[in-house]
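A.B. asks: Fold the following, please.
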Amino acid sequence: TNGTDPTDDLVNYSNNLSSIYLDVNTPAYRVAQRFAVAVFYFATKGDEWDAGMQWLQPGLNECDYPGIRCEEVTIPSISLAEALKNPDYLPRHSDGTVDTTTERMIVEINLPESNLSGKLPNELMTFPFLKRLGLWSNQIEGQIPGNIGRLQNLESLLLDDNNFTGDIAAGIGSLGKLKMLSLGFNPNMGGQIPFGIGNLYDLEALLLPNMSLRGNLPSSMQNLEKLKNLELQSNDLRGGLPEWLGFLTNLEKLNLSGNGFNGKIPEGLSKLINLRELELQDNDLGTIPCSALEKVAILSANCQSIDGTSCDCCTLCV
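C.D. replies: Just a heads-up that it's a prediction; the model follows:
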């Protein structure tokens, strides 16, 4: 973009959109997809990406851009020209009252370690078939867009190791198909863990380490019965460890180290028959009851510590 305003670049790209690839008869869903990809590119300074050289090339389908994966999907065949006649209503293919067609639609965006910066635009949330958004280890700033809950097919949200700020977007609690949520190593993202996290019944991995989270663990988390990996280390979480942790019987890894948890280790931890890694160091939890955790292969705490969390049977002393 040679130093020009990204907004100007987007306008110029949009003005040429029909002449280089699309026309008024192209399905509106495809037009919206192509436009949203361009907005994402300019908003995150695509001309500085490590993988951005082939993006927005004339005649190249956006499904063939580096980091994009598409699948053949049934969509309404309504054209852009028809959609513009009623811009407040765009039918779904499941309505049953509209003609449909098949198009390649974006289901994954994977651009980790690619030198993305800037902010995530709201338009990124207009990919209705997106299953995976992997943008870890970049320099993306600002807050996660509040309308992220529109990505109803999302299964993996991987935004760790960036420069995000603000609280965890409450809309994440609406992502009912989510299996993996990774937001860690965004040290300026904080607030409390949203109560809506407990609505993610299919969640298998919740990775929120090295952030600025505070407060207690929300009781709604006891609903996460499919959870296998829970990492909340190096935050400012407080209070006692809840007894309902024992309800999460599929847990294989639990890391709560480096917080302000206090009180006693709940007896419910003995119910975690699949637990293989447990890290509790740098809290104030007293002595770990070794007899209840005999099957844990990796058990980490402040061994023989006068203060904090101590353990006579730990495999790793810190």
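
A.B. asks: Arg132 is in contact with Val107, isn't it?
C.D. replies: Yes. Applying Cβ atoms under 8 Å, one finds Arg132 in contact with Val107, separated by 7.2 Å. Yep, even glycine has a C-beta here, placed from its N, CA and C like the rest.

A.B. asks: which residues does Gln57 contact?
C.D. replies: Contacts for Gln57 (Cβ atoms under 8 Å, 6 or more residues apart in numbering) come out as none.

A.B. asks: now the helices: where do they sit in the protein?
C.D. replies: In the chain, the helices defined using DSSP state H lie at 6-15, 17-20, 28-43, 80-85.

A.B. asks: I'd like the distance between the closest residue to Leu116 other than its chain neighbours and Leu241.
C.D. replies: The spatially closest residue to Leu116, leaving aside those adjacent along the chain, is Asn138, at 4.0 Å (Cβ to Cβ, 6 or more residues apart in numbering). From Asn138 across to Leu241, the span is 34 Å (Cβ to Cβ, to the nearest Å).

A.B. asks: circling back: the residue nearest to Leu116: neighbour count?
C.D. replies: Here the count is done by other Cβ atoms under 10 Å, and Asn138 has 22 residues near it.

A.B. asks: Check whether it really touches Ser114, as I assumed.
C.D. replies: Yes. In this structure Asn138 lies within contact range of Ser114 using Cβ under 8 Å: 6.3 Å.

A.B. asks: OK, contacts around the most centrally placed residue in the chain?
C.D. replies: Most central in the chain under Cα atoms, centre = their mean is Leu157, positioned 2.5 Å from the mean C-alpha point. By Cβ under 8 Å, 6+ apart, the residues touching Leu157 are Leu133, Ile148, Ile172, Leu175, Leu178, Met180, Leu181, Ser182, Leu183.

A.B. asks: now with 7 Å?
C.D. replies: Residues counted as contacts of Leu157 (Cβ atoms under 7 Å, 6 or more residues apart in numbering) are Leu133, Leu178, Leu181.

A.B. asks: Could you list everything Arg104 pairs with in the sheet?
C.D. replies: Taking DSSP bridges as the rule, Arg104 bridges to Glu72.

A.B. asks: For it, grab the count of nearby residues.
C.D. replies: 17.

A.B. asks: How confident was the prediction at it?
C.D. replies: Turning to Arg104, the model gives it a pLDDT of 95.

A.B. asks: How much space separates it from Ala205?
C.D. replies: 29 Å.

A.B. asks: Over to Met105?
C.D. replies: Counting by Cβ to Cβ, the gap from Met105 to Ala205 is 26 Å.

A.B. asks: repeat for Asn162
C.D. replies: On the measure of Cβ to Cβ, Asn162 and Ala205 end up 18 Å apart.

A.B. asks: try Thr126
C.D. replies: Taking Cβ to Cβ, one finds Thr126 at 26 Å from Ala205.

A.B. asks: do Ala36 as well
C.D. replies: 27 Å.

A.B. asks: before we move on, what about Ser291?
C.D. replies: Counting by Cβ to Cβ - Ser291 and Ala205 are separated by 29 Å.

A.B. asks: Let me see the ranges of the strands in the stretch 201-318 of the chain.
C.D. replies: 205-207, 212-215, 229-231, 236-240, 253-255, 260-262, 277-279, 286-287, 298-301, 309-310, 316-317 (DSSP state E, counting those that start in this stretch).

A.B. asks: Would you mind giving the ones you listed as CSV with mean pLDDT and distance to Met53 added?
C.D. replies: Below are these laid out as CSV (pLDDT from 0 to 100; distance: least, Cβ to Cβ, whole Å):
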stretch, mean pLDDT, distance to Met53
strand 205-207, 98, 31
strand 212-215, 98, 36
strand 229-231, 98, 35
strand 236-240, 97, 42
strand 253-255, 97, 38
strand 260-262, 96, 47
strand 277-279, 94, 41
strand 286-287, 85, 57
strand 298-301, 86, 43
strand 309-310, 74, 50
strand 316-317, 82, 45
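
A.B. asks: Relative to Asn153, which of the ones you listed is closest?
C.D. replies: Among the strands of the stretch 201-318 of the chain, the nearest to Asn153 by Cβ to Cβ is strand 205-207 (17.9 Å).
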